[in-house]
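Colleague: model this:
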Amino acid sequence: MISTLFGKKRISEDKLANVFVNKVLEMCSEGFPLVAAEVNESPEFETAPGLSPEDDERFLLIVLAANLMEMQRVLNAGQDKRMFALSISKFAQAVGRGCTDIEREVRALQSRMERLNAPSKNVVYAMGRALFTEYDLFRFQDSYYREIRQPHPIPLKRIFGLMGYFLWNWSEVQEQYRIG
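Modeller: Predicted coordinates for the structure are as follows:
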């Protein structure tokens, strides 16, 4: 209420990137075990994929890449590039890897996500399809879907439902804060 009376709160790009990366890490550490359980318990798979709750590295990159895609759509030109670079830097530092490697992986993953999801621009759908591809869930499906390398629509729909919980609402952040 106070922020609407006196304008938007101010937040630095550095602080926002730090909060964003910490929230992504927290969301994934708490949420991936639920995603893994949903995938492992899907009766549509011929055999359970056996995803381990500890095998969340690829999932973490999917969530980061998707959120950065959304961020780039919402933030102003220039600001999106700075936030992208800051977020990659902070993420790399948090997971103990090099910035260049993380940036290369994220950009490659974003490209795959766009290709997998074309012509749709829905990031949640891209995340679900990327999860299928990154964890090679195709091999656990019945022969029809396995041979055409398409996700079975029923578990895919359940995964879509879960992926929405891993997206930041960048429009809301921009409405509430003056970033800079």
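Colleague: use CA for all of it now, contacts and neighbours both
Modeller: Will do.
Colleague: tell me the pLDDT of the nearest residue to Gln176 once chain neighbours are set aside.
Modeller: In this structure, Gln176 finds its nearest non-sequential neighbour in Lys8, 5.6 Å apart by C-alpha to C-alpha, 6 or more residues apart in numbering. The predicted local distance difference test score for Lys8 is 82.
Colleague: contacting residues for Lys8?
Modeller: The contact partners of Lys8, taken as C-alpha atoms under 8 Å, 6 or more residues apart in numbering, are 175-178.
Colleague: Ile159 contacts Val35, correct?
Modeller: Yes - using C-alpha atoms under 8 Å, Ile159 is in contact with Val35, at 7.4 Å.
Colleague: can you give me the helices in the chain?
Modeller: Using DSSP state H, the helices of the chain run over 2-6, 13-40, 57-74, 79-95, 99-117, 123-134, 143-148, 153-163, 170-176.
Colleague: if you compare these, which one is most tucked away?
Modeller: helix 123-134 (a mean of 22; mean count of other C-alpha atoms under 10 Å).
Colleague: and the contacts of that one?
Modeller: Helix 123-134 is contacted from outside by 58-59, 62-63, 66, 69-70, 112-114, 116-117, 138, 151, 156, 159-160, 163-164, 167, using C-alpha under 8 Å, 6+ apart.
Colleague: for stretch 27-41, same thing?
Modeller: When contacts are taken as C-alpha under 8 Å, 6+ apart, the neighbours of stretch 27-41 outside the stretch itself are 48-54, 56, 59-60, 63, 155, 159, 162, 166.
Colleague: with adjacent residues omitted, what lies nearest to the residue most central in space within the chain?
Modeller: Residue closest to the mean C-alpha point of the chain, counted by C-alpha atoms, centre = their mean, is Val63 at 1.6 Å. Of all residues beyond its chain neighbours, the one nearest Val63 is Phe166 (6.5 Å), with distances taken as C-alpha to C-alpha, 6+ apart.
Colleague: can you pull the pLDDT of the one you found?
Modeller: With respect to pLDDT, Phe166 has a value of 97.
Colleague: and if you look at Trp170?
Modeller: Reading off the confidence values, Trp170 has pLDDT 90.
Colleague: equivalent analysis for Leu5, please.
Modeller: With respect to pLDDT, Leu5 has a value of 51.
Colleague: likewise Ala85?
Modeller: On pLDDT, Ala85 comes in at 97.
Colleague: ok so, going back, can you tell me how far the residue nearest to Val63 sits from Ala77?
Modeller: Computed with C-alpha to C-alpha, to the nearest Å, the distance linking Phe166 and Ala77 is 24 Å.
Colleague: and these two? which has more neighbours close in?
Modeller: Neighbours per residue, other C-alpha atoms under 10 Å: of Phe166 and Ala77, the larger number sits with Phe166, 21 against 10.
Colleague: quick one: contacts for that one?
Modeller: The neighbours of Phe166, taking C-alpha under 8 Å, 6+ apart as the test, are 24, 27-28, 63.
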